[in-house]
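Enquirer: Build me a structure from this.
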Amino acid sequence: MGCGSDDGSIIVTGDFHVRDVANSGCKSTSHTRSEYPEYFEFKACDGGYLSVNHVNASFNCAPGELKIEATIDGNVIKILETEETSLANCICPYDLYCEVGPLSNGDYEVVIYRGSFEIPAHKFSITYNKRLNAKYEVTYDN
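Expert: Next up is the predicted model:
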């Protein structure tokens, strides 16, 4: 997925927007964490937007609607990924995508939350500029 343009899926929080929210659908069914590596890609888009691609995110096989919300507070971008329901006894890897912005050039902390804005799941430091193209692997302690 690449940088897109404004369409009907825009969520506005003040001057900060979330647009082009999409997901891949379930890529394969399992009862454990996906064997596929999980990672985040951050890329600069036109107009000061940041594309966020969460690859192989584990969610329930019957999640209902997968949603992405985002806010910004100073230089901290908070992104919330939620599933509407958890009706199946299995998990699937999904690719979740959105664009957030507009941003000014500079250093940001991107904090990813699951389910609620209470406990961060992942944190990344990025420097936003027109050349930004970063990939971060996700690792879990056993």
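Enquirer: Leu66 - how many residues pack around it?
Expert: 19 (other CB atoms under 10 Å). The C-beta positions use only the backbone N, C-alpha and C, and glycine is treated the same way.
Enquirer: How about Ala22, nearest residue that isn't a chain neighbour?
Expert: Tyr97 (4.7 Å; CB to CB, 6 or more residues apart in numbering).
Enquirer: so the one you found touches Arg19, yeah?
Expert: No: Tyr97 is beyond contact range of Arg19, at 10.5 Å (criterion: CB atoms under 8 Å).
Enquirer: Name the next helix or strand following the helix or strand containing the residue nearest to Ala22 along the chain.
Expert: Here Tyr97, judged by DSSP states H and E, is contained in strand 91-101. Going down the chain from strand 91-101, the next helix or strand is strand 106-114, by DSSP H and E.
Enquirer: ok, now which ones touch the residue nearest to Ala22?
Expert: Residues near Tyr97 by CB atoms under 8 Å, 6 or more residues apart in numbering: Met1, Asp20, Val21, Ala22, Asn23, Ser51, Val52, Asn53, His54.
Enquirer: quick one: which of those residues is nearest Glu109?
Expert: Nearest to Glu109 among those is Val52, at 13.2 Å by CB to CB.
Enquirer: quick one: what helix or strand has that closest one in it?
Expert: strand 50-60.
Enquirer: Over to Arg131?
Expert: Arg131 belongs to no helix or strand when assigned by DSSP H and E.
Enquirer: same deal with Thr139?
Expert: Using DSSP H and E, Thr139 sits in no helix or strand.
Enquirer: Tyr36 too?
Expert: Going by DSSP H and E, Tyr36 is not part of any helix or strand.
Enquirer: Tell me the spacing between it and Phe124.
Expert: To Phe124, Tyr36 is 20 Å away according to CB to CB, to the nearest Å.
Enquirer: That'll do, ta.
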